Structure formats: structure tokens, C-alpha cells
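S.K.: One predicted model, sequence on top.
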Amino acid sequence: MITALVPGSFDPPTYGHLDIVGRCAGLFDRVVVAVANNPAKNPLFDAAERVQLLQGCCGAWPNVEVASFDGLLVDFVRQTGADVIVKGLRVVTDFEYELQLAQMNRRLSGTVTLFVPTNAEFGYLSSSLVKEVAAFGGSVEGLVPPTVVLALKERLANER
């Protein structure tokens, strides 16, 4: 059984994220979506909320589970028994940054990172852009699942 770990902040989860998770669900026996709990990033949603949002979004894939982690990714890789880390790439700058992380993770744990290019339909999409559009009252429908649209509206209404 091969387990893939798909890490990220997922603040909030987008269709780009789900594209990568869905493709992994078709390739690997078990997929763990790993929500990074990094308060220094000042997330809009806390880790528990992001886990809950992702669980709702990933329900169609029975081999996908969602969990949060603190600390080093390689420690969570060991904890989950993952065989490989999978990272989605949108643009060249993603590759430059992710390659450094992949090489460090390989050095620390021996774990291989696979890079999966995102579907071109989502190549421009990022959680940061989604939050910015939503904060200014723009529509994010079609960029994130309906449950995430609702969560964004509720959270941003409470912050005003």
C-alpha cells in the first residue's frame, strides 16, 4: 500500500487544491491531506476549520483522509507512514521554492517529493487571491467549493 501526503496551508481550500488531491486519490492507495498549522502565517481559518472544510470537500474519495500537523513536515510523514510527498505546482516560482523544500525534506528523512502540475484551468488560482477577492466583495464561486464560499462569506462578515 502506497501512501501519499499532500501538504499545504489550504487557507482556504480551492479547486486547484482539490484537483491535485483528486488526481492523487486515483494514483495512490491512501492519501493524507496534511493541513499545516502555522499561526505565524496569520490564517483566516484555524487548522481545525480548514480540516473540517477539506473533509467536506474530499468526501467523494474514500481513500483520502485529512489531518493537521505542527512542526516539521518530515515528522508528520513519519507519523502517518507516508511513502511520498506530493506538491502541486502552478508556475515556475512555485517550483523554485518547492524544490528547496523537497531537497531539505529528502535530506532530513529520505522522503521523495513528487511534483504535479496543476490543471491549466487553475494555474492562476491561489488561496491568497481567493481571500483578497472575497474580502473586497467579489465572487469566488467557481474558484472554491460552495461550502468554502459560504465559510468565507460568514468569516469576512464577522470581521467587518
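M.R.: Everything's here; your move.
S.K.: So which residues of this structure form helices?
M.R.: Here the chain has its helices, by DSSP state H, at 15-27, 47-57, 73-80, 92-109, 127-135, 146-159.
S.K.: could I get the ones you listed as TSV with mean pLDDT and mean neighbour count?
M.R.: Where C-beta positions appear, they are placed from N, C-alpha and C, glycine not excepted. Listed next are the helices of the chain as TSV, based on pLDDT from 0 to 100; neighbours: other CB atoms under 10 Å:
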stretch	mean pLDDT	mean neighbour count
helix 15-27	96	20
helix 47-57	96	20
helix 73-80	95	18
helix 92-109	89	13
helix 127-135	94	17
helix 146-159	90	14
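S.K.: ok, the residue nearest to residue 77 when sequence neighbours are not counted - contacts?
M.R.: Leaving aside its sequence neighbours, residue 77 sits nearest to residue 111 (CB to CB, 6 or more residues apart in numbering; 5.2 Å). Shown in contact with residue 111 (CB atoms under 8 Å, 6 or more residues apart in numbering): 74, 77, 82-85, 105.
S.K.: Redo the residues you listed as JSON lines? Include distance to residue 47.
M.R.: Listed next are the contacts of residue 111 as JSON lines, based on distance: CB to CB, whole Å:
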{"residue": "74", "distance to residue 47": "18"}
{"residue": "77", "distance to residue 47": "18"}
{"residue": "82", "distance to residue 47": "18"}
{"residue": "83", "distance to residue 47": "24"}
{"residue": "84", "distance to residue 47": "23"}
{"residue": "85", "distance to residue 47": "19"}
{"residue": "105", "distance to residue 47": "20"}
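S.K.: from those, which is closest to residue 59?
M.R.: residue 82 (21.1 Å; CB to CB).
S.K.: pretty sure that closest one contacts residue 2?
M.R.: No - Residue 82 is beyond contact range of residue 2, at 9.0 Å (criterion: CB atoms under 8 Å).
S.K.: out of those two, which sits in the busier spot?
M.R.: Comparing residue 82 with residue 2 by neighbour count (other CB atoms under 10 Å), the higher total belongs to residue 82, at 25 against 11.
S.K.: Can you name the residues that contact that one?
M.R.: 3-5, 32, 76, 111.
S.K.: Among the residues you listed, name the ones in strands.
M.R.: The members of the contacts of residue 82 that map onto strands under DSSP state E are 3-5, 32.
S.K.: can you put those residues in a markdown table and add distance to residue 121 and neighbour count?
M.R.: A markdown table is the format used below for the ones in strands among the contacts of residue 82 (distance: CB to CB, whole Å; neighbours: other CB atoms under 10 Å):
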| residue | distance to residue 121 | neighbour count |
| --- | --- | --- |
| 3 | 28 | 17 |
| 4 | 22 | 24 |
| 5 | 24 | 28 |
| 32 | 25 | 23 |
